[in-house]
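>>> Just the structure for this:
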Amino acid sequence: DTSGYYNPSESLAQGAGYTSVCRMPAFVPIYSWFSALFNPYAAYQFVVVLQFLLGVCSVVWVARIAGHLAQNKRAYYMAGIIYASSLLTAVWDPMLLSDSLGNSFLILAFYLAVRFKNEMNWKLVFWASLFLTWSIFFRQIHVLFIPVLYFLMLKKEVFFITTLLFAIPILLAFGSWTAYNYSKTSRFIPIVDSFSSCYGYMPEQLVAIRDLVIAWGED
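Predicted coordinates for the structure are as follows:
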């Protein structure tokens, strides 16, 4: 389903606007401008290189998060080595899918949240929320981490400013996306359209088999 991510972004690069309610425009800030300046193939290579570099950085971020939470140098090295050698995550870095950047931005968000706990720099609250929101645009399941990240950074004595800075990227991003979808479809679509609307081309039997496998708890 790679085309589902890139075709709408390429449409925007060609000046025809974003054309899908089935995929959120997470790749637009990364891919579309590069494709418009050069060509789609160069843009694909740019995405893969960026994924790899952020994947490398994610190893460091994971190690620092673990080191901070455990207050232990051993945890720092163990977490870094385990994450660096995990094929469950590294396998996505050379692929034109949403998993690599979604994972990297989620990790970056938590790393910035941990830094905020140490430094009390208010800019870090905004940036942590921004990268969490961006990770949600890649992988919608990451929406579950919104309350986790919020309560990680929350301090009673600065409740208002923390909440405000954390809410701004989320409200702006989802508000703009929802408004854009409504202008195109006259329907309320805050994330993506329904499975039946986006994948109605699938044979009925295939959808039924997918539902059965999911009901068994499988992937």
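>>> Distance check, the residue nearest to the spatial centre of the chain against M24.
Note on the chain: the residue nearest the mean C-alpha position is S135, at 1.5 Å, using CA atoms, centre = their mean. S135 sits 11 Å away from M24, going by CB to CB, to the nearest Å. Every C-beta, even on glycine, is put in place using the N, C-alpha and C of the backbone.
>>> that older thread, which elements pack onto the helix or strand encompassing the residue nearest to the centre of the chain?
Using DSSP states H and E, the element containing S135 is helix 122-138. Under the contact definition 3 or more CB pairs under 8 Å, 6 or more residues apart in numbering; DSSP states H and E, helix 122-138 sits against helix 99-119, helix 146-153, helix 159-185.
>>> Out of those helices, which is closest to D219?
Taking CB to CB as the criterion, D219 comes closest to helix 99-119 out of the helices and strands packed on helix 122-138, the separation being 13.5 Å.
>>> Can you name the residues that contact D193?
21-22, 185 (CB atoms under 8 Å, 6 or more residues apart in numbering).
>>> ok, then the element right after the helix of greatest length in the chain?
The longest helix of the chain (DSSP state H) is helix 40-70. Counting by DSSP H and E, the element after helix 40-70 in chain order, helix or strand, is helix 73-84.
>>> Show me how far that following helix is from its chain's centre.
Computed by CA atoms, centre = their mean, to the nearest Å, the separation of helix 73-84 from the middle of its chain amounts to 23 Å.
>>> Show the subsequent helix or strand relative to it.
By DSSP H and E, the next helix or strand past helix 73-84 is helix 87-90.
>>> Which residues does stretch 91-111 contact?
2, 5-6, 26-27, 30, 44, 47-48, 50-52, 54-55, 57-58, 61-62, 64-65, 89, 128-129, 131-132, 134-135, 138-139, 142, 145, 149, 152.
>>> Mark which of the residues you listed are buried, thanks.
Taking 16 or more other CB atoms under 10 Å as the criterion, what is buried in the contacts of stretch 91-111 is 5-6, 26-27, 30, 44, 47, 50-51, 54-55, 58, 61-62, 64-65, 89, 128-129, 131-132, 134-135, 138-139, 142, 145, 149.
>>> Can you name the residues that contact L54?
L54 neighbours (CB under 8 Å, 6+ apart): 100-101, 104-105, 108.
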